[in-house]
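The sequence and its predicted three-dimensional model are supplied below.
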2 protein chains.
Amino acid sequence: MLGLMQNWPLTVDKILDHAARWHADVEIVSRSVEGPIVRTTYAQAHERARRLSNALARLGVQRGDRVATLAWNTARHLEAWYAIMGMGAVCHTLNPRLFAEQLCYIINHAEDKIIFTDLTFVPTLIEHRAKMPTVKHFIVMTDEAHMGAAAGLEGALCFETLVRDASPDFEWGGFDENTAAGLCYTSGTTGNPKGVLYSHRSNFLHTLVTLGADVMGISAKDTVLPVVPMFHANAWGLAFSAPAVGAKLVMPGAKLDGASVLELLESERVTFSAAVPTVWQMLLAELREKKAKLSTVKRVVIGGSAVPEAIVRGFRDEFGVDVTHAWGMTEMSPMGTLSSPNGDVAALGAEEQLKYKLKQGRVPIGVEMKLVDDAGGDLPHDGTTFGRLLVKGPAVVGEYFKGEGGEILDAEGYFDTGDVATIDAHGYMQITDRAKDVIKSGGEWISTIEIENLAVGHPKAALCAVIGAAHPKWDERPVLLVKLKDGEAASKQDFLDFLEGKIAKWWTPDDVVFVDDIPLGATGKIDKKLIRERMKGYVLPTAQPAKVGA
Amino acid sequence: MLGLMQNWPLTVDKILDHAARWHADVEIVSRSVEGPIVRTTYAQAHERARRLSNALARLGVQRGDRVATLAWNTARHLEAWYAIMGMGAVCHTLNPRLFAEQLCYIINHAEDKIIFTDLTFVPTLIEHRAKMPTVKHFIVMTDEAHMGAAAGLEGALCFETLVRDASPDFEWGGFDENTAAGLCYTSGTTGNPKGVLYSHRSNFLHTLVTLGADVMGISAKDTVLPVVPMFHANAWGLAFSAPAVGAKLVMPGAKLDGASVLELLESERVTFSAAVPTVWQMLLAELREKKAKLSTVKRVVIGGSAVPEAIVRGFRDEFGVDVTHAWGMTEMSPMGTLSSPNGDVAALGAEEQLKYKLKQGRVPIGVEMKLVDDAGGDLPHDGTTFGRLLVKGPAVVGEYFKGEGGEILDAEGYFDTGDVATIDAHGYMQITDRAKDVIKSGGEWISTIEIENLAVGHPKAALCAVIGAAHPKWDERPVLLVKLKDGEAASKQDFLDFLEGKIAKWWTPDDVVFVDDIPLGATGKIDKKLIRERMKGYVLPTAQPAKVGA
């Protein structure tokens, strides 16, 4: 027997409809790529987005077509998202930080018909234009006055002219809620980038989940500044959740440095923001240097990589700002866990709570998570046993676009995050490593990240990396690579002594290798793939023939 | 093109699964019907509910079968809900405050197979047992020691015995998310009661919506006391939303008086509660009499009928508790609007904000609402124009059970709430009347509730009611009925003078009639249907033949 409630498809166009109807005059403030601060409202964005849908339809865009955006966080980018998704086309967010070759691969794989772009990226697009045969038009997100810069870009159209010339009468939605809405490629450390094809339903449900008090918990009282880019894991859903509650949106455009972010936080009276640790680090430095205060900011969410304790303490003690650590991934839309306190943790003292704040956190309803060993067996939630982290839910990937990577769910429907983690008795998950980096020694796992974080605390160390090296008895044993600070000297034993007592004895690296350079990837993380390549000929001293069996 | 995210049906069994997995030891504290305070946890409730599903299956319950509950808010009632819904049967909540005849009508209409009941209601069930031929068993929510009281109830079984004897291995869910999950009848002022048949999807989405910071906004840090009964509009969803976030639940059982509620609020350190105004009124009286404090309560939600200003002020000024006004209806699962401040309202002073707090409030995402005139035309959101209130959404009724009442949605899919309301520029809705009570005078509407609320402020008035009486020129004109306080005397002119300047001149009643009694319905609201019957022969003085055209 089926229920008799209304059939109300979960399509994201309803989110901007809601904002325009109930929060019509709430502002979207953007630092424009052209320079000035620009103000618009949800009602205006709604109208402009529908004009844009008409313009796209006139350019031949149909349901299911991929339309890309290569753009900073601005009101125009938001309008483009809703224009594309509202008409049933697929909004493909391109990450401008990728190499041009990767960008071209992704554009061709997605078969993008149109690309919305900021002026910033026009030179790159001109250079590589010939490698994007599926792209018919580039909609440059500016006005006629600034279109000169795009003169050399074949197929370039002016955003503001399209908006001006199109009718605002466009009927959004009206399709199956499982219709594709968005596409985002994961850079992937092995193989080609793979596309995650979000649906209206998955985006809508992700929005509702993130609105929970223990998740983002934003409200109509908030002013939200998403530093996290719309091209990176959907700005953690804020381009949906802010209009869903009618929060004022402040879009930082291309300027993500400490001074620019601080200026907006203060001038626009921002209450909530979200960004990766680097941005908060820059902001803290700026605040201290300028001896500035944060007058209105109450909460910041930090994710993308592990948050250093110093950031949480700095915001809490010096600026009275509550930091929530978050973890997720493109394949999860992206929110997975947040370090919001539960009842037991909230009852602890501030210092005890900090331990939990630094973990990646707890799952909200709608995210299923489990920890398994290599054989798929459940592992205890004791905060120390670590295993593979699997996830499941309505906003978790089912398969990649065009079947890349084949079947990616296990028999129970779980997706392997590729992370290795612990879960404690309070349900807080903590990432200990990437599965491909974890060292398997005698059937037990050793976290490379944990050793690195400790070793880099040595006063002479500039950067540290740990990788596994083959061992005849234990399969793998850890090797610590150290890049010393300029002008410093140290011995292997110095580092082994430094680690002693801080880690289990059997985690102690079998060797310490001093190197001139530890390579970092595009996102600032240590590039272990490259390190392993460089260390190909390396043999552990403990694995020398003479020592076998020692 | 469809998205490629996971297929994860929104079934409510996943809510208790989540609570048991991530908030296993969080308590559900119940004031049992037998007397003592009983403590259990989400993990235990989850196990017991699955045992109960097995017991129900053994008793022949199949998917789609209706299984009723006639019970107070307790952990056992919660277990029964999840046991029934988790197996795909339909949980039919019976309101014990209904007359026995209405109860029997509803039970027969729903064709309930089994009724879960508290000891409280056993005598009534024994008395009317013969009129419930579809009911095979009554599961009395107690242990063997207390089953003596149910000796005379044919088909009575003991809840605790069933739980003890059944296996905890039961696979919940696995069906279409549109499967019926719950059934609740609206008493309906005309015709027979009509059933609202909730689906798993509608309940799940309602839960996510209510978790928003501007809606119920409860978190894992909260301790929630739902005074609002599970049999009345699903306890406003708290039996779903509290486990969904892992909040501690405190269940008040049968004792809803001020002293009993206060005891639980304090002893269990409750932070959030929800109830109808009468309960809060009793609690305020108790607090003042005992000179008590509320040590932990931060927020209370009030709904079910309009909240008097004195309650909001009392809680705010004397006890530091924030009151949120809510409005909804059984047909809406039930939440419709809440008076949470938006950015503009939050910026006002406390006294200015109070005006908005007293309104029924704003819609969250997932509730569409509009105000129309009799011809269906949209009315302005100016805070003064009032019209019919229509709603739409995934948790709004589409049709009543068994097609009662026929087609209930308009061409655009809106459901008519039967309320007449205003909406202001900030999006705050305020109910001004029931559509059937509103007076239509010369094509304009007059709110009976507004005149009543003013008139009852007259120091000599005990109760006031306003109804429309036929008028040859204006169609209808208002008549004010006044029941004076014992021993008081007043003239018509006294009341007309009292109203002067407080309402528009054309709203002034054409007559004032002093009566000995103003009848109230079962929910404490003025029974206008009965008043209209009693006033059948009444003719307005302004409608006398001699005065026509005056």
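Good, I have the coordinates.

Am I right that A:Ala306 is in a helix?
No: remark: A:Ala306 does not belong to a helix; assigned using DSSP: H, G, I helix; E, B strand; the rest coil, it is coil.

roughly how far apart are it and A:Lys483?
With the distance defined as Cβ to Cβ, to the nearest Å, A:Ala306 ends up 20 Å from A:Lys483. Bear in mind the C-beta positions are built from the backbone N, C-alpha and C, glycine included.

what about dumping the CA coordinates of the longest helix anywhere in chain A to CSV?
When chain A is scanned for its longest helix (criterion: DSSP state H), the result is helix A:42-58. Extracted as CSV, the C-alpha positions of helix A:42-58 are listed here (Å, rounded to 0.1, in the frame of the first residue of the first chain):
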residue,chain,number,x,y,z
TYR,A,42,17.5,36.3,-4.6
ALA,A,43,14.6,37.7,-6.5
GLN,A,44,16.9,39.2,-9.1
ALA,A,45,19.1,36.2,-9.3
HIS,A,46,16.0,34.1,-9.8
GLU,A,47,14.8,36.3,-12.7
ARG,A,48,18.3,36.5,-14.3
ALA,A,49,18.8,32.7,-14.0
ARG,A,50,15.5,32.1,-15.8
ARG,A,51,16.5,34.6,-18.5
LEU,A,52,19.7,32.6,-18.8
SER,A,53,17.8,29.3,-19.2
ASN,A,54,16.0,30.9,-22.2
ALA,A,55,19.3,32.0,-23.6
LEU,A,56,20.8,28.5,-23.2
ALA,A,57,17.7,27.0,-24.9
ARG,A,58,18.1,29.4,-27.8
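
Does the next helix or strand after that helix reach chain B?
For helix A:42-58, the following helix or strand on the C-terminal side (DSSP states H and E) is strand A:66-70. No: under the criterion of Cβ under 8 Å from any Cβ of the partner chain, chain B is not reached by strand A:66-70; the shortest gap measures 8.9 Å.

Just the angle for the helix or strand following strand A:66-70 relative to helix A:42-58, thanks.
The first helix or strand that comes after strand A:66-70 along the chain, using DSSP H and E, is helix A:75-86. Taking axes from the mean of the first three to the mean of the last three Cα atoms, to 10 degrees, one finds that helix A:75-86 is oriented at 60 degrees with respect to helix A:42-58.

In helix A:75-86, which of the residues would be classed as buried?
Burial within helix A:75-86, assessed by neighbour count using 16 or more other Cβ atoms under 10 Å in any protein chain shown, is assigned to A:75-86.

With stretch A:6-13 instead?
Applying a neighbour-count criterion of 16+ other Cβ under 10 Å, one finds A:6, A:8-13 buried in stretch A:6-13.

just these that are near chain B?
Among these, proximity to chain B is found for A:6, A:8, A:10 (Cβ under 8 Å from any Cβ).

ok, back up a step: output the buried residues of helix A:75-86 as JSON lines; include the columns pLDDT and distance to chain B.
As requested, the buried residues of helix A:75-86 are arranged in JSON lines below (pLDDT from 0 to 100; distance: Cβ to the nearest Cβ, whole Å):
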{"residue": "A:Ala75", "pLDDT": "98", "distance to chain B": "17"}
{"residue": "A:Arg76", "pLDDT": "98", "distance to chain B": "23"}
{"residue": "A:His77", "pLDDT": "98", "distance to chain B": "21"}
{"residue": "A:Leu78", "pLDDT": "98", "distance to chain B": "16"}
{"residue": "A:Glu79", "pLDDT": "98", "distance to chain B": "19"}
{"residue": "A:Ala80", "pLDDT": "98", "distance to chain B": "19"}
{"residue": "A:Trp81", "pLDDT": "98", "distance to chain B": "15"}
{"residue": "A:Tyr82", "pLDDT": "98", "distance to chain B": "14"}
{"residue": "A:Ala83", "pLDDT": "98", "distance to chain B": "17"}
{"residue": "A:Ile84", "pLDDT": "98", "distance to chain B": "13"}
{"residue": "A:Met85", "pLDDT": "98", "distance to chain B": "11"}
{"residue": "A:Gly86", "pLDDT": "98", "distance to chain B": "15"}
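
residues in the stretch 251-400 of chain A within reach of chain B, list them.
With Cβ under 8 Å from any Cβ as the criterion, the stretch 251-400 of chain A comes near chain B at residues A:333, A:340-343, A:346, A:362-366, A:368, A:392-400.

Which of these fall in strands?
Assignment to strands by DSSP state E places the following of these there: A:368, A:392.

List buried residues within the residues of the stretch 251-400 of chain A next to chain B.
Of all those considered here, the ones buried according to neighbour count by 16+ other Cβ under 10 Å are A:333, A:340-343, A:362-366, A:368, A:392-400.

can you give me phi and psi for A:Thr142?
Torsion angles at A:Thr142 (phi, psi; degrees, to the nearest 10) stand at phi -160, psi -180.

My guess is it contacts A:Thr117. True?
No: applying Cβ atoms under 8 Å as the test, A:Thr142 and A:Thr117 come out as separate, 9.5 Å apart.

More neighbours: which of the two?
Set side by side, A:Thr142 and A:Thr117 show more neighbours around A:Thr117, with 27 against 23, by other Cβ atoms under 10 Å in any protein chain shown.

which residues touch that one?
Residues near A:Thr117 by Cβ atoms under 8 Å, 6 or more residues apart in numbering or on different chains: A:69-71, A:125, A:138-141.

Show me what counts as buried in the longest helix of chain A.
Neighbour counts using 16+ other Cβ under 10 Å place A:42-56 of helix A:42-58 among the buried residues.

which stretches of the stretch 51-200 of chain A have low pLDDT?
A:188-190 (pLDDT under 70).

One more pass at 90, please.
Residue ranges of the stretch 51-200 of chain A with pLDDT under 90: A:97-99, A:187-192.

Which one of the residues in it is closest to chain B?
Taking Cβ to the nearest Cβ, chain B has its nearest neighbour within the stretch 51-200 of chain A at A:Ser199, 2.6 Å off.

which ones are touching that residue?
By Cβ under 8 Å, 6+ apart, A:Ser199 lies in contact with A:177-181, B:2-5.

A:Pro394 versus that one, what's the distance?
When Cβ to Cβ is the yardstick, A:Ser199 and A:Pro394 sit 9 Å from each other.

list residues touching both of these two?
Between them, A:Ser199 and A:Pro394 have B:Met5 as joint contacts when contacts are counted by Cβ under 8 Å, 6+ apart.

Now do the strands for the stretch 401-550 of chain A: every range, in order, please.
A:415-423, A:429-434, A:439-441, A:444-446, A:461-471, A:475-484, A:511-514 (DSSP state E, counting those that start in this stretch).

how about the last one: buried residues?
Same thing as strand A:511-514. Buried residues in strand A:511-514, defined by neighbour count with 16+ other Cβ under 10 Å: A:511-512.

one step back: with pLDDT as extra columns, can I get the ones next to chain B among the buried residues of stretch A:6-13 in a markdown table?
Listed next are those as a markdown table, based on pLDDT from 0 to 100:
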| residue | pLDDT |
| --- | --- |
| A:Gln6 | 98 |
| A:Trp8 | 98 |
| A:Leu10 | 98 |
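
how about those in TSV, adding secondary structure?
Written out in TSV, the entries for these read as follows (three-state DSSP):
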residue	secondary structure
A:Gln6	coil
A:Trp8	coil
A:Leu10	coil
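
nearest residue to the residue of the stretch 351-500 of chain A found nearest chain B other than its sequence neighbours?
With Cβ to the nearest Cβ as the measure, A:Pro394 is the residue of the stretch 351-500 of chain A nearest to chain B, at 3.9 Å. With Cβ to Cβ, 6 or more residues apart in numbering or on different chains as the criterion, A:Pro394 has its nearest non-adjacent residue at 3.9 Å, and that residue is B:Trp8.

Repeat that for A:Gly246.
If the residues on either side of it in the chain are set aside, A:Gly246 comes closest to A:His23, at 3.0 Å by Cβ to Cβ, 6+ apart.

Counting neighbours, what do you get for that neighbour?
Should you count by other Cβ under 10 Å, A:His23 turns out to have 26 residues around it.

In contact with it, which residues are there?
Contact criterion Cβ under 8 Å, 6+ apart gives A:42, A:220, A:243, A:246, B:342, B:427 as the residues in contact with A:His23.
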